[in-house]
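*Asks:* Just to be clear, the model below is a prediction. Sequence and coordinates:
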Amino acid sequence: TKFGGVIAVRSDRTDIQTLADIRGKVVAAASISGLGSGQMQFRELQRAGMSYINAPRQLVFTSNQGKVVNGVLAGKFDVGFIRTDQIERTKNSDGVLVDPSELRILQPQPDLAIDGVPFPFESSTPLYPEWNLASLGHVSDEVASEVQSAMRALAGHADVGYAILACYDGCAAGNGEETAGGGGGDGGVLAGAALEECRAACRDGADLTAGGRCDTTVELALAAAEAKTNGKYTGWGSNPP
């Protein structure tokens, strides 16, 4: 999957309309090395003939993109550098999602898409691959290739894991129906045993080749599904050497 870098200002800041207007302003980013909240935007400034160090009056690093968004809204920063989708998931001090209409994106790129599908967020930069995987110079090509292959296989393993988890959900629903009108005590213990028996049947009956691989195990499938869900990734791609 891919993402972009956002250059955001408060909607009422009519004095900041273009990248050139960033000169002399207080700019905030998460870090100097962060891709989506730093490096992408720095590159756009450089393309516009500006130094990301010298052009702003002050460059502040917050170590947190949510702080960048809230700082811009509060007027603490004039301009904020954050990744796409950060505005939509930032909460204020009361735990309420911020209103995206209170912010404006500078230099929104037209017609952004991933594999022909329109990108759902405005971005001030081109889109870049997320979570790049690189190896140090001393790592052999053989080891690097094996690691790359393992990472690219995660999506296939996860497909099997999701099928097992869906079967688990069916067990939980069935267990609830069985115990809905039952008593407590021993019935709860029996119900718990029946639930685990059902889940064991899900694991034993799983089609481990459903993800298109012959090396999937139940343990690997469930771990890959958890990683894919928690990491919010859609898959790994590879650029030709």
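*Replies:* Arrived safely.

*Asks:* The protein: helices as residue ranges?
*Replies:* Along the chain, the stretches classed as helices by DSSP state H are 40-47, 65-74, 86-89, 141-179, 186-204, 218-231.

*Asks:* Could you give me the buried positions within the first one?
*Replies:* With burial defined by 16 or more other CB atoms under 10 Å, the residues of helix 40-47 counted as buried are 40-42, 44-45. Bear in mind the C-beta positions are built from the backbone N, C-alpha and C, glycine included.

*Asks:* quick one on the thing from earlier: which of the helices of the chain sits closest to Asn54?
*Replies:* helix 40-47 (10.1 Å; CB to CB).

*Asks:* Packing partners of that closest one?
*Replies:* Contacts defined by 3 or more CB pairs under 8 Å, 6 or more residues apart in numbering; DSSP states H and E place helix 40-47 against strand 5-10.

*Asks:* in its sheet, what does the strand it packs on sit against?
*Replies:* strand 79-83 (antiparallel), strand 103-105 (antiparallel) (DSSP bridges).

*Asks:* Can you pull out the low-pLDDT segments for this structure?
*Replies:* 174-191, 231-241 (pLDDT under 70).

*Asks:* One more pass at 90, please.
*Replies:* Under the criterion pLDDT under 90, the flagged ranges of the chain are 1, 115, 129-135, 145, 147-155, 169-195, 211-213, 227-241.

*Asks:* tell me the most buried of the helices of the chain?
*Replies:* Ranked by mean neighbour count, those are led by helix 65-74 with a mean of 21 (mean count of other CB atoms under 10 Å).

*Asks:* about what we covered before: out of the strands paired with strand 5-10, which is closest to Thr216?
*Replies:* Of the strands paired with strand 5-10, the one closest to Thr216 (CB to CB) turns out to be strand 79-83, at 32.3 Å.

*Asks:* so how far is that closest one from its chain's centroid?
*Replies:* Chain-centre distance of strand 79-83: 16 Å, with CA atoms, centre = their mean, to the nearest Å.

*Asks:* Also stretch 132-139?
*Replies:* Using CA atoms, centre = their mean, the offset of stretch 132-139 from its chain centre is 22 Å.

*Asks:* With stretch 114-125 instead?
*Replies:* 14 Å.

*Asks:* And that stretch, what's buried?
*Replies:* Buried positions in stretch 114-125, judged by neighbour count with 16+ other CB under 10 Å: 119, 121-125.
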